[in-house]
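Engineer: predicted model and sequence follow; I will ask about them next.
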Amino acid sequence: MADDLSLFFLPDSSDESSNSSILFFQNLIEEAELQDTGTSNRRRYIECQREVGHETLMADYFVEDPKCNEDIFRHRFRMSKRLFLKIVSDVEANDSWFQEAIDARSRKGFTPLQKVTWAIKQLATGSTPDENDEYLHMAERTSRECLEYFCDTVCKIYAPEFLRRPTSHDMTLLYEAHEEKHHLPRMFGSLDCTHFVWRMCPTEYRGQYMRGDHRYPIVMLESVASQDLWLWHAFCGPPGSQNDINVLQQSPLFLTERNGTAPKCLVYVNNHLYKRGYLLVSYSKYYPPLWQVECLE
C-alpha cells in the first residue's frame, strides 16, 4: 500500500532536474493507461457493418424468393409488404434524411429500407432502440433518430388525408363499403376500446389505472375504424379502471353532432327516420341496446 501511494508524490526537486519530473509524469500516465479497466469517459468506436445488415434484411423479406413469406412479414411488421414498400417510397421522396448518403469516410450510410424497418419495428412491437443492433447493425442513437424522423415525416405526408374527420363524401363511401361487406346499411364505423400497459405508472396513480383483469396499470384508447383500417377517431388517456361506456361519455366523438357540423345522411331503422348513421359496437353488460346509444337524430 505504501508503495502504491508513493507513486503519486512528486520527486524531490533538489535531487532531480525538471527533465526527470517530466519523465515521471509521462511514466505515470502510461501506467494509468495500462491499468485502465474500461471505465474511461472516452467514447469507444464500434464498426457498424451496414452493408451486412442491408443484405440480411433483403434476403429475409425483399428478394424474389425470401426467407420469410408474406404472412410472417405481416405478423412482424403489422402491415402488408405492399403497404410497407409504399411508406418507404413516400418517406424517402419527402425527407432527405431517409435517402442513402455518403458519410465523411466515403462510406455508404444506412439504406431507406433499414431506417424505415427499424422505425416501424419500434412502433409495432415496442422494441428498445438497441434490441436489433446485431441484426440491422444500427446503433442506439441512430435508431432513436429513425423513430423521430419517421413519425414527423409520416404525419407531414399523411395527416392531410388521414388525420381528419370524415367529410360527406367520405361518409357516403363508408356507408357503401360497410353495406357491401357487412350488409349493415348506414353504418359508418366500428367503435371499440383497447388497453395499453403503463409499466412506469407513478405509485400515486396506480389505483385509478389498475383493473382486476390486468396485472399492470393500463391506459385506454377509444377509436373508430373503417373497413380499410382508417382510424379517423382516437381518444386516448382515460384510466384503465373505467369501462367502455364511461370512456364514451368523455370522448369528443359526438362533438360534431352536438354543434351541428356533422355530415347528414338519412337512414330508416324500424320505420323511424334518423338524420345520422350509426356506429357498430360490441354488446356487453355495460352497453344499452345499440340503437339507443349510437343512432343520432
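Structural biologist: Great, that's in hand. Everything numeric in this text was worked out from a predicted model, so none of it was measured.

Engineer: residue ranges with poor pLDDT in this structure?
Structural biologist: Confidence mapping of the chain against pLDDT under 70 gives the ranges 1-22, 24-26, 28-48, 104-105, 282-297.

Engineer: centroid residue for it?
Structural biologist: The centre of the chain sits closest to L123, judged by CA atoms, centre = their mean, with a distance of 2.5 Å.

Engineer: which residues of the protein fall in strands?
Structural biologist: 187-197, 218-225, 231-239, 267-269, 272-274, 278-281 (DSSP state E).

Engineer: any idea which of these gets closest to L83?
Structural biologist: Ranking those by proximity to L83 (CB to CB) places strand 231-239 first, at 14.5 Å. Glycine gets a C-beta too; all of them are placed from N, C-alpha and C.

Engineer: and that closest one with strand 218-225, angle?
Structural biologist: Calculated by axes from the mean of the first three to the mean of the last three CA atoms, to 10 degrees, strand 231-239 forms an angle of 160 degrees with strand 218-225.

Engineer: report the buried residues of strand 231-239.
Structural biologist: By 16 or more other CB atoms under 10 Å, the buried positions in strand 231-239 come out as 232-233, 235, 238-239.

Engineer: cool, and stretch 195-214?
Structural biologist: Going by neighbour count (16+ other CB under 10 Å), the buried part of stretch 195-214 is 198, 201, 209-211.

Engineer: for D103, which non-adjacent residue is spatially closest?
Structural biologist: Leaving aside its chain neighbours, D103 sits nearest to G109 (5.6 Å; criterion: CB to CB, 6 or more residues apart in numbering).

Engineer: and N69, backbone torsions?
Structural biologist: The phi and psi torsions at N69 (degrees, to the nearest 10) take the values phi -80, psi -170.

Engineer: that one: neighbour count?
Structural biologist: Look at N69: counted by other CB atoms under 10 Å, it has 10 neighbours.

Engineer: how close does it get to S80?
Structural biologist: Relative to S80, N69 is positioned 12 Å away (CB to CB, to the nearest Å).

Engineer: between the buried residues of strand 231-239, which is nearest E222?
Structural biologist: F235 (4.4 Å).

Engineer: can you pull the contacts of the closest residue to the closest one other than its chain neighbours?
Structural biologist: Residue nearest to F235 in three dimensions, not counting chain neighbours: S251, with 4.0 Å by CB to CB, 6+ apart. Neighbouring residues of S251 by CB atoms under 8 Å, 6 or more residues apart in numbering: 222, 233, 235.

Engineer: how about 10 Å then?
Structural biologist: If you count contacts by CB atoms under 10 Å, 6 or more residues apart in numbering, S251 has them with 191, 193, 222-224, 233-238.

Engineer: circling back to that earlier point, can you redo the strands of the chain as CSV with distance to G260?
Structural biologist: What follows is the strands of the chain, written out as CSV (distance: least, CB to CB, whole Å):
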stretch, distance to G260
strand 187-197, 17
strand 218-225, 20
strand 231-239, 18
strand 267-269, 18
strand 272-274, 15
strand 278-281, 18
